[in-house]
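give me coordinates for this.
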Amino acid sequence: MSRSVQAPSVLVIGAGMYVCGRGTDDIGTVLPTLVQAQAEGDIGEISVAATSQGSVRALREKLAEINRRLEMSAMVRTYPDHGDDPNAYRAALADMSRPACAIVVVPDHLHTKMALEVIDAGLHVLVVKPLTTTLTDADKLIGRAHAKGVYGAVEFHKRWDEANLLLRQAIADGRLGELRHISVEYGQRKTIQDTFASWRRHTNIFQYLGVHYADLIYFLTGVTPVRVSALGVPKGMTRQEAWKFDAIQALIEWKSGKMAFVSSILTTWLEPNRASAMSDQRIRVLGTLGRYDSDQKHRGVQVVTDAGVEDVNPYFSQLYRGSNERMGIEGYGPRSIQQFLQDVCALNGGRVQLSELTWTRPTFQDALASTVIVEAVNESLSQGGAWVEIEPGCFEREDAPARVGAARARQRRMTANAR
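Next comes the predicted model:
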């Protein structure tokens, strides 16, 4: 980053697993990335807003471990100062020195509310996936961000995975021919539900995992979804009980111009608790001229000890001691956060305009495809697997103001047509 512009302070709203590894033996991704960025002079003060003193204590314990492992001495300002306060982020927003930005890492159903308040405070904001669970809420965020001149992005880190970038290039070069089918299998250990037990009723396994690949397919191909069908196991649950599904199979039909294909995304939280990795995931893309197989669990690194067998992904979020003998966090997880910080610095320095980022980053606008798929999956689940049509014209790549106007005027009407 350029040092000609004051380094922004950063507020993290949330103090869970992805922030600092809470509930696991890990140290998370967000906080160690920020600690490293601060040591390198790329950001200023770091603040973290949790909801309780228990969360603050757990975060401070993790911060001590991060500092030890990264051989740093970062200080983090935490909220609430005392007692429990689900709205502690508001005090943090009021205390932030400017320039500033925020990273929202909270349960799905809180994204819209908290991101709106961050935007109203004038901060550029990065939201973990999914952006929202409805297109109406996504349009609210887009409209408010445009009105405030704020940059909004979604932390879709799979866009930075080299295996996926290689696939994207193969598609762009025409090496696979015309796409016909994309299949995804993505499962996590059963214990993952316990990690967010307090809010799992507000999500489901597709919304939590499948959204990654809904976005990735859109990013890889540029093709838009036209209809969705989803079934959950066990069957017969209402939409409000969708979180109880152990597995969700979503079929998505994609079409743009002459290009048309179907994708199948199977997501589960049924992996054995003693599986060799937290996630087991793979993607296969089939075209008229070839096939691309990407096993995103077996990356060729396996560690076998008396404690068991571990398949390691060295490319996501790992600590390495480089040639300069300094510890650092590397991988496509940290890179997605670092890119956001770089974009904020570039915006603050006038080196880039918001319009230049709209379709070159996973912005709020660019996340509409994944948002509409999540909403359609939830609607289909509530209809017992009915096909849910997605209104044409949702994803024309217009300038932001026109895009927002079209979205609001559209007030998308999904129609479930049982077949």
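
pLDDT weak spots in the chain?
Along the chain, the model assigns pLDDT under 70 to residues 1-4, 199, 234-243, 393-419.

biggest strand in it by residues?
Using DSSP state E, we find that the single longest strand of the chain is strand 259-271.

pop out the phi and psi values for Arg22.
Here is the backbone geometry of Arg22 (degrees, to the nearest 10): phi -60, psi 130.

just to revisit the earlier point, buried stuff in the longest strand of the chain?
Buried residues in strand 259-271, counted by 16 or more other Cβ atoms under 10 Å: 261, 263, 265-269, 271. Where C-beta positions appear, they are placed from N, C-alpha and C, glycine not excepted.

give the next helix or strand downstream of it.
Per DSSP states H and E, the first helix or strand lying C-terminal to strand 259-271 is strand 279-287.

just to revisit the earlier point, a markdown table for the buried residues of strand 259-271, including distance to Arg299?
Below are the buried residues of strand 259-271 laid out as a markdown table (distance: Cβ to Cβ, whole Å):
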| residue | distance to Arg299 |
| --- | --- |
| Phe261 | 27 |
| Ser263 | 23 |
| Ile265 | 21 |
| Leu266 | 21 |
| Thr267 | 20 |
| Thr268 | 21 |
| Trp269 | 22 |
| Glu271 | 17 |
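
which of those sits closest to Arg57?
Arg57 lies nearest to Trp269 out of these, by Cβ to Cβ, at 28.1 Å.

surely that closest one touches Asp194?
No: under the criterion of Cβ atoms under 8 Å, Trp269 is not in contact with Asp194, lying 10.1 Å apart.

find the nearest non-adjacent residue to Gln302, please.
Asp311 (5.4 Å; Cβ to Cβ, 6 or more residues apart in numbering).

and the helices in this structure?
Ranges of helices within the chain are 17-20, 30-39, 53-70, 88-95, 111-120, 135-148, 162-172, 192-195, 205, 211-221, 332-348, 354-357, 368-382, 400-410, based on DSSP state H.

for the first one, the distance to its chain's centre please.
Here the centre of helix 17-20 is set off from its chain's centre by 13 Å, with Cα atoms, centre = their mean, to the nearest Å.

packing partners for it?
Under the contact criterion of 3 or more Cβ pairs under 8 Å, 6 or more residues apart in numbering; DSSP states H and E, helix 17-20 touches helix 30-39, helix 53-70.

which strand residues bridge Leu179?
As for beta bridges, Leu179 partners with Gly287 under DSSP bridges.

which residues touch it?
Applying Cβ atoms under 8 Å, 6 or more residues apart in numbering, we find Leu179 in contact with 171, 221, 223, 259, 261, 285-287.

swap the cut-off to 10 Å and go again
Counting by Cβ atoms under 10 Å, 6 or more residues apart in numbering, Leu179 makes contact with 171, 217, 220-221, 223, 254, 259-263, 285-288.

need the max-distance pair from the residues you listed.
By the measure Cβ to Cβ, Ile217 and Thr288 form the most distant pair in the contacts of Leu179, at 17.7 Å.

so which of these two has more stuff around it?
Neighbours per residue, other Cβ atoms under 10 Å: of Ile217 and Thr288, the larger number sits with Ile217, 25 against 9.

ramachandran angles for the residue nearest in space to the middle of the chain?
For the chain, the residue nearest the mean C-alpha position is Lys129 (3.1 Å; Cα atoms, centre = their mean). With angles defined as degrees, to the nearest 10, Lys129 sits at phi -70, psi 150.

distance check, it against Asp108.
Applying Cβ to Cβ, to the nearest Å, the value for Lys129 to Asp108 is 9 Å.

can you pull the residues that touch both of these two?
Joint contacts of Lys129 and Asp108 (Cβ under 10 Å, 6+ apart) are 207-208, 211, 374.

in a markdown table, list the residues you listed along with neighbour count and distance to Lys158.
A markdown table is the format used below for the shared contacts of Lys129 and Asp108 (neighbours: other Cβ atoms under 10 Å; distance: Cβ to Cβ, whole Å):
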| residue | neighbour count | distance to Lys158 |
| --- | --- | --- |
| Gln207 | 23 | 16 |
| Tyr208 | 22 | 14 |
| Val211 | 26 | 10 |
| Val374 | 30 | 15 |
